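Visitor: Structural data only, the sequence is not supplied:
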């Protein structure tokens, strides 16, 4: 249904691509978590991937998850290109950007996985 809001897209960082290690959500052991390097950013360029492997960058508002994990959250309308692409691949990349989607030269790219969580009311 167009225009329906999804719940957050939870972004889990991928420790194989240069992000600091931390326990998985299922394996929380009381070890303090380091915040995601983008936790202080307001906007990020979220790159999702087409079936062909081509990346599609989209500027999005991000926020740290409130569940005590190192995840980031993105709120989006359902049936957008990014949520459709996440239906077939969870691979994403994030880079800090400004409100207009401009990425600073040399900004690091963080690779990880995204999960679409739909609101129970939708």
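Guide: That came in fine, so what should we check first? Since this is a predicted model, take the numbers as computed values, not measurements.

Visitor: Could I get the full set of helices for this structure?
Guide: Using DSSP state H, the helices of the chain run over residues 81-86.

Visitor: Please work out which helix or strand belonging to it has the smallest mean pLDDT.
Guide: strand 9-13 (a mean of 51; mean pLDDT, DSSP states H and E).

Visitor: Just to check, residue 76 is in contact with residue 60?
Guide: Yes. Residue 76 is in contact with residue 60 according to CB atoms under 8 Å; the separation is 7.1 Å. No exception for glycine: its C-beta is placed from N, CA and C like everyone else's.

Visitor: anything in contact with each of the two?
Guide: Listed as contacting both residue 76 and residue 60 by CB atoms under 8 Å, 6 or more residues apart in numbering are residue 82.

Visitor: and stretch 103-110, which residues are buried?
Guide: 103, 107, 110 (16 or more other CB atoms under 10 Å).

Visitor: Retrieve the pLDDT associated with the first one.
Guide: Which is residue 103. Note for residue 103: predicted pLDDT of 95.

Visitor: again with the second one
Guide: What the model reports for residue 107 is a pLDDT of 92.

Visitor: gap between it and residue 69?
Guide: Separation of residue 107 from residue 69 (CB to CB, to the nearest Å) stands at 23 Å.

Visitor: Next, count neighbours for residue 36.
Guide: Residue 36 has 24 neighbours, counted by other CB atoms under 10 Å.

Visitor: out of everything not next to it in sequence, what's closest to it?
Guide: residue 70 (4.9 Å; CB to CB, 6 or more residues apart in numbering).

Visitor: Quick check, pLDDT for that neighbour.
Guide: What the model reports for residue 70 is a pLDDT of 77.

Visitor: What does it show for phi and psi?
Guide: Residue 70 adopts backbone torsions of phi -90, psi 20, taken as degrees, to the nearest 10.

Visitor: likewise residue 103?
Guide: phi -100, psi 130.

Visitor: Please look at it and residue 45 and confirm they touch.
Guide: Yes. Between residue 103 and residue 45 there is a contact under CB under 8 Å: 5.4 Å.
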